[in-house]
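1. Next input, structure requested:
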Amino acid sequence: MGWHGTLALRYRRHEERTLVHDRHDGPLRVLRSLHPEGADVCHSVLVHPPGGIVGGDLLDIEIDVEPGAHALVTTPGATRFYRSAGAAATQAVAVRAATGSRFEWLPLETIAFSGCIAENRSRFELAPGAEMIGWDVTALGLPASSQPFMQGRFTQAIELPGCWLERGTIHGDDARLLESPLGWAGRAVLATLWFAAGSALAESRRDAMLEAARDAMREHPLRSTAGASAVQAQVVVVRALAPRVEPAMDLLTRIWSAWRLVAWQRAPCAPRVWRT
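-> Residues are numbered from 1 along each chain as shown. Model (predicted):
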């Protein structure tokens, strides 16, 4: 039997302030909730004290963002799926954002160790008028430590009901996917960033966010393996392949900063925990 950890967060607007109420069971909790950029935005740092997720573990995170609230959720370090003896390890995130709310899901990278059997699921339900920025950075193995992703499997699912659903499973021995130029092309890191809304975005806003993303890519070291698209009226997506985590996070942070200004007229305020 593994750990079963649950964490429920509820963000609400009280006068000019976003407040958070949390409830947890097991090894998953809020380290701190802060207001570094003013009372109207609440930053929360989630921690998992065991330091990794192993076979049999199940972590459930449920987040409700009430009307008018603005929440930013991050982590102090990577989410690690370790080698399994046979049982699956699962992390499931479910977010419900109400009309007029804003939500930012910005965890640090997820590392799939060789031999893991893991599933990482995220579902974001956005009411009309709600908006979010989210990212996911998946790193396979530890190539810098000569520990590539050679065996096991990792399943990733990201869903915005009604407008975007993707699900894929990567097997460590699938050289055709991992080495092909039509797949991961020998890179170990896949980064995804998105801006999404509960109703169709105005074409001018979508174009402005695409332009901001492409401007950030133009002079970046990952410019040849990154791209931005808006094939659905409610979502703008950026993808990038990288040999390691640091350049991928750098690119996503630059675009996130630009999108905040373009979409919300709010200056970026990087969580302090990213610098510690």
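
2. Mind jotting down where the helices sit in this protein?
-> 175-179, 203-218, 245-264 (DSSP state H).

3. just so I know, which of those helices lies nearest Y11?
-> helix 245-264 (16.2 Å; CB to CB). The way it works is simple: take the backbone N, C-alpha and C, and place the C-beta from them, glycine included.

4. for the closest one, which positions count as buried?
-> 245, 247-249, 251-260, 262-263 (16 or more other CB atoms under 10 Å).

5. With stretch 169-184 instead?
-> Neighbour-count burial for stretch 169-184, with 16+ other CB under 10 Å as criterion, is recorded at 170, 172, 178, 183-184.

6. and the lowest-mean-pLDDT helix or strand in the chain, what does it pack onto?
-> The weakest-scoring helix or strand in the chain, judged by mean pLDDT, DSSP states H and E, is strand 29-34 (a mean of 91). Counting contacts by 3 or more CB pairs under 8 Å, 6 or more residues apart in numbering; DSSP states H and E, strand 29-34 packs against strand 4-14, strand 17-25, strand 41-47.

7. Need the contact partners of it.
-> 7, 9, 20, 22, 24, 42-47, 49, 76, 272-273 (CB atoms under 8 Å, 6 or more residues apart in numbering).

8. what about stretch 79-88, start to end distance?
-> With CA to CA, to the nearest Å as the measure, stretch 79-88 spans 15 Å from end to end.

9. Buried residues in that stretch, which are they?
-> 79-84, 88.

10. Let me have the residues you listed in JSON lines, extended by distance to T99 and pLDDT.
-> Shown next, in JSON lines, are those (distance: CB to CB, whole Å; pLDDT from 0 to 100):
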{"residue": "T79", "distance to T99": "30", "pLDDT": "95"}
{"residue": "R80", "distance to T99": "36", "pLDDT": "95"}
{"residue": "F81", "distance to T99": "35", "pLDDT": "96"}
{"residue": "Y82", "distance to T99": "40", "pLDDT": "95"}
{"residue": "R83", "distance to T99": "44", "pLDDT": "93"}
{"residue": "S84", "distance to T99": "41", "pLDDT": "92"}
{"residue": "A88", "distance to T99": "36", "pLDDT": "94"}
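
11. Can you list which of those are found in strands?
-> Among those, the members falling in strands (DSSP state E) are 79-81.
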